[in-house]
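> Sequence and predicted structure below; questions after.
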Amino acid sequence: MLVVEDLEVRYQELRALQGVSLRVAEGDLVALIGSNGAGKTTMLNAISGLIPAASGRISWRGNSLVGLSPDRVCMAGVVQVPEGRKLFPKMTVEENLEMGAYLPAARKHLAESRKAVFEIFPLLAEREKQLAGSLSGGEQQMVALARAIMAKPGLLLLDEPSLGLAPVIAAEIFQVIEGLNRKGITALLISQEVLHSLNIAKYGYVLENGKITIHGKAGQLLDDQRIKESYLGL
Ligand SMILES: Nc1ncnc2c1ncn2[C@@H]1O[C@H](COP(=O)(O)OP(=O)(O)OP(=O)(O)O)[C@@H](O)[C@H]1O
Ligand SMILES: [Mg+2]
């Protein structure tokens, strides 16, 4: 279980997260939705140790993540797929995937992880030797997801995985994420594709100006009038 309690994050005087609490149970897929600038990326970056928490608690499987370096958080099994994919464009698909398994625990399973990843993303097997920067947006997102799988995550933190993708490709990405969750990977998914993400999630949280304003079972959120008006355009 991922437990975040009373998390505060500040950028100088800006209080980007103001006492946020959230839980992701083992095996669940949880959606975090919210408008631009709500603090969603800040939340993931605080969990993964990229930015410090001013106060509050973050733990995964009972171990505190507060104050750990990003490497350590990754070693604990918490792996972020960053906004904008952040691939190494001048490296091949294969090399990008290997980068995902750079920590010793993951490196040991390199061959087995490669096989698993190519089963999930058969297209990447064909593109192994291609430079990542020359792939289409959808393909690059697949590489970003595949690279995270190479790290053997217990918890995936997904930041806007469908950003900038055509609707058909975005739908494919959501299917892949749902499939990864079915395989037992716990996930916290940020997406402005509210309908898509609540359709595959079990539970959802709405973040507004650094605070959680609504949370509940995904089905309930889809029926919530406030969400229909503000996020589903209904
Ligand atoms: N490094 C930073 N320094 C100062 N302010 C920042 C920094 N990063 C983010 N912010 C501010 O913190 C707030 C939350 O930003 P964040 O990136 O977490 O939002 P978001 O919900 O991910 O938005 P988006 O949907 O646009 O990605 C915004 O007001 C943003 O301007
Ligand atoms: Mg963001």
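Everything's here; your move. Ligands and ions are numbered 1, 2, ... in the order given.
> From here on, just use CA atoms for contacts and neighbour counts.
Fine.
> residues in contact with the biggest helix by length in the chain?
For the chain, the helix that runs over the most residues, judged by DSSP state H, is helix 167-182. Helix 167-182 is contacted by residues 27-29, 120, 138, 141-142, 161-163, 187, 196-197, 200 when judged by C-alpha atoms under 8 Å, 6 or more residues apart in numbering.
> which of these count as buried?
If you count burial by 16 or more other C-alpha atoms under 10 Å, the buried members of the contacts of helix 167-182 come out as 27-29, 138, 141-142, 161-163, 187, 197, 200.
> Near ligand 1, which residues of the chain are found?
Along the chain, the residues adjacent to ligand 1 under the rule C-alpha under 6 Å from any ligand atom are 11, 16, 35-42.
> Try it again at 5 Å.
Within the chain, the positions near ligand 1 by C-alpha under 5 Å from any ligand atom are 11, 16, 36-42.
> which stretches of the chain form strands?
For the chain, the strands defined by DSSP state E occupy 2-11, 14-24, 29-33, 55-60, 63-64, 78-81, 155-159, 186-190, 203-208, 211-217.
> Go through these and pick out the most buried.
Between the strands of the chain, the one whose residues have the most neighbours on average, counting mean count of other C-alpha atoms under 10 Å, is strand 29-33 (a mean of 27).
> contacting residues around that strand?
Residues outside strand 29-33 that contact it (C-alpha under 8 Å, 6+ apart) are 24, 40, 181, 186-192, 194, 197-198, 200-207.
> ok, 6 Å please
186-191, 201-206 (C-alpha atoms under 6 Å, 6 or more residues apart in numbering).
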